[in-house]
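S.K.: Next comes the sequence, and after it the predicted model I'd like to discuss.
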Amino acid sequence: MQRENWASRLGFMLAAMGSAVGLGNIWRFSYVAGENGGGAFLIIYLASILIIGIPLLLTEVSIGRKAQSDVVGSYQTLAPKQPWFLAGFLGVGSAFLILSFYSVVAGWALYYLWEYITGSLSIEPTEGYGAAFETFISTTYQPLFWHGLFMFITIFVVLAGVKQGIELANKIFMPILAILLLILAGYSLTLDGAMEGVRFLFTPDWSVLSDPSVYIAALGQAFFSLSLGVGTMMTYGSYLSKEHRLPSATVGIGIMDTLFAVISGIVIFPAVFAFNIEPSSGPPLVFITLPDIFSQMPFGGLVGILFFLALSLAAISSSISILEVPVAYLVRVTKWSRKKASVLSGLIMFILGIAVSLGMGKWKDITPIGKRNIMDSMDYIASNIFLPIGGLVMAAFAGWYFTKKQALDATDLKDSPLGNFWLFIIRFVAPIIIIVIFINGIFFS
Ligand code: PHE
């Protein structure tokens, strides 16, 4: 079957940015930063993006474009009969793990959107936003409905093939999300006690740097947020033709993604302190702080609608990119139709997600690998372990398996002074840092 291609470089940029910008920037970034001390975490996170994230993003996209295949097939095409493709399967596994909890959280966002549309969230519930949210996620059926709806939408978009609809939606809603975040950041900064939040985010408390788990968390967040190490960017890269230049595109994606995260931190943390919420409250953080802010604002109900609409769309443009990883693989290998591959993979993710959702209530005592709940366990394994390993293999592949000429060719860095710099990073710097953070984080925390 003829493989599809992006219509234009802009199409690729939008899809890749759509993939990168999602719940990771707002929901995950803020609670992980909150749990890991704020300012010092932010610095390690930014360093991870710059030193490891962006160079690896370029690497991942370039491998896909060179091979013109899915995450398993790319390794097989470029290194036939060698074990590199096993990393492709790791990526497919990460996609299943991530989307099954991502969809549950995106379901919460859809539910909030609905509740703002009907007006029920515009006024603070008597028990407060925090307790109302906890009650909602710990019930059995309601969150499953929203999780199922989100998965249904994701499958629907992916089976439709290359995405006129979502590309267009992204073009409209990403700017709305950005503008809303900026307005909210401005508003949040006027809250009483806002400066404490700003200080929390921007004044590093160096003492947390002695905790190895902070580094693992920052590295995992960088991978998650840039959609790295799953094979998403490899798959998206495989729909690019050779004439597009990659380095500027990947730097652009990295900067955009980081801006969204930092700005959402400026929205969330002032509110955290103004409303006396614990910065380390974990995954519920944004679902409590944002409604608190909205309820104080003029037209807060309307802002709530717009915000959760934009957030849901940002989540969809990311979730489709995750589902595309197994779908691209299955369509090639099994010769199934796109439809069949999307529905089947999506269904499995939905079922896995049921466990994640129940883990917030009925099954809350199930805590594999000692994390808070099923979701945190899956997230930890995928984001903090699988994705960095995926990234490590990509770096080794481009840095050591490719000849220098092949590597520079693949990334369009042949005639650029940055070529040697990039090569040095993916050959030495990134792998060493990832390995050190790993050993430290896994054995000493
Ligand atoms: N980067 C996405 C987000 O921030 C999530 C994602 C992770 C997408 C891994 C693809 C692959 O929401």
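M.R.: That came through fine.
S.K.: For the strand or helix carrying Val267, list every residue counted as buried.
M.R.: Using DSSP states H and E, Val267 sits within helix 246-274. For helix 246-274, the neighbour count (16 or more other Cβ atoms under 10 Å) marks 246-247, 249-250, 253-254, 256-258, 260-274 as buried. For every residue, glycine as well, the C-beta is placed using N, CA and C.
S.K.: same check, this time on stretch 216-230
M.R.: Within stretch 216-230, the residues that count as buried by 16+ other Cβ under 10 Å are 216-230.
S.K.: And stretch 400-419, by the same measure?
M.R.: Neighbour-count burial for stretch 400-419, counted by 16+ other Cβ under 10 Å, picks out Phe402, Ala407, Leu408, Asp409, Ala410, Thr411, Asp412, Leu413, Gly419.
S.K.: same check, this time on stretch 228-242
M.R.: The neighbour-count check on stretch 228-242 (16+ other Cβ under 10 Å) flags 228-240 as buried.
S.K.: Quick one: mean pLDDT over that stretch.
M.R.: The average of the pLDDT scores along stretch 228-242 is 93.
S.K.: Determine how far the last residue of that stretch lies from the first.
M.R.: Between the opening and closing residues of stretch 228-242 we find a distance of 21 Å, counting by Cα to Cα, to the nearest Å.
S.K.: again, but for stretch 114-121
M.R.: With Cα to Cα as the measure, what separates the two termini of stretch 114-121 is 9 Å.
S.K.: Which residues does that stretch contact?
M.R.: Contacting residues not belonging to stretch 114-121 are listed as Tyr112, Ser122, Trp146, Pro291, Phe294, Gly301, Gly304, Ile305, Phe308 [Cβ atoms under 8 Å, 6 or more residues apart in numbering].
S.K.: any idea which of those residues is the one closest to the ligand?
M.R.: Proximity to the ligand was ranked across those by Cβ to the nearest ligand atom; first place goes to Phe308, at 15.1 Å.
S.K.: Model confidence at the closest residue to Ile348 other than its chain neighbours, what's the number?
M.R.: Nearest-residue entry for Ile348: Phe96, 6.6 Å, with adjacent residues in sequence omitted and distances by Cβ to Cβ, 6 or more residues apart in numbering. For Phe96, the pLDDT comes out at 98.
S.K.: and Phe96, which of the three is it?
M.R.: Remark: Phe96 carries the secondary structure label helix [criterion: DSSP: H, G, I helix; E, B strand; the rest coil].
S.K.: what residues are up against it?
M.R.: The neighbourhood of Phe96, defined by Cβ under 8 Å, 6+ apart, consists of Pro326, Ser345, Ile348, Met349, Leu352.
S.K.: Now do the helix or strand harbouring the first one, average pLDDT.
M.R.: With elements delineated by DSSP H and E, Pro326 resides in helix 300-334, which encompasses its position. For helix 300-334, mean pLDDT is 94.
S.K.: tilt between it and helix 246-274?
M.R.: Taking axes from the mean of the first three to the mean of the last three Cα atoms, to 10 degrees, one finds that helix 300-334 is oriented at 140 degrees with respect to helix 246-274.
S.K.: quick one: is the lowest-mean-pLDDT helix or strand in the chain near the ligand?
M.R.: Among the helical and strand segments of the chain, the one scoring lowest on mean pLDDT, DSSP states H and E is helix 164-189, with a mean of 83. No - with Cβ under 6 Å from any ligand atom as the threshold, helix 164-189 lies outside contact range of the ligand, at a closest distance of 12.0 Å.
S.K.: buried stuff in that helix?
M.R.: In helix 164-189, the ones that count as buried by 16+ other Cβ under 10 Å are 166-167, 169-170, 173-174, 177-178, 180-181, 184-185, 187-188.
S.K.: I'd say Val272 and Leu285 touch.
M.R.: Yes - in terms of Cβ atoms under 8 Å, Val272 counts as a neighbour of Leu285; the distance is 7.3 Å.
S.K.: joint contacts of these two?
M.R.: Between them, Val272 and Leu285 have Gly34, Pro279 as joint contacts when contacts are counted by Cβ under 8 Å, 6+ apart.
S.K.: ok, back up a step: among the buried residues of stretch 400-419, name the ones in helices.
M.R.: Counting by DSSP state H, the part of those found in helices is Ala407, Leu408, Asp409, Ala410, Gly419.
S.K.: just wondering, since we're on the second one, how far is it from the ligand?
M.R.: Distance, Leu408 to the ligand, by Cβ to the nearest ligand atom, to the nearest Å: 26 Å.
S.K.: follow-up on the earlier one: how about the buried residues of stretch 400-419, which pair is most distant?
M.R.: Taking Cβ to Cβ as the measure, these span a maximum distance of 13.9 Å, between Phe402 and Asp412.
S.K.: Residues of the stretch 151-300 of the chain that sit close to the ligand?
M.R.: Residues of the stretch 151-300 of the chain found near the ligand, taking Cβ under 6 Å from any ligand atom as the criterion, are Phe224, Ser225, Ser227, Val230, Thr232.
S.K.: switch the cut-off to 5 Å
M.R.: Residues of the stretch 151-300 of the chain lying close to the ligand by Cβ under 5 Å from any ligand atom are Ser225, Ser227, Val230, Thr232.
S.K.: Contacts only, for the third one.
M.R.: Under the criterion of Cβ under 8 Å, 6+ apart, the neighbours of Val230 are Val71, Gly91, Ser94, Ala95, Ile98, Ile322, Val325, Leu387, Gly390.
S.K.: so it is in which element?
M.R.: When secondary structure is defined by DSSP H and E, Val230 falls outside every helix and strand.
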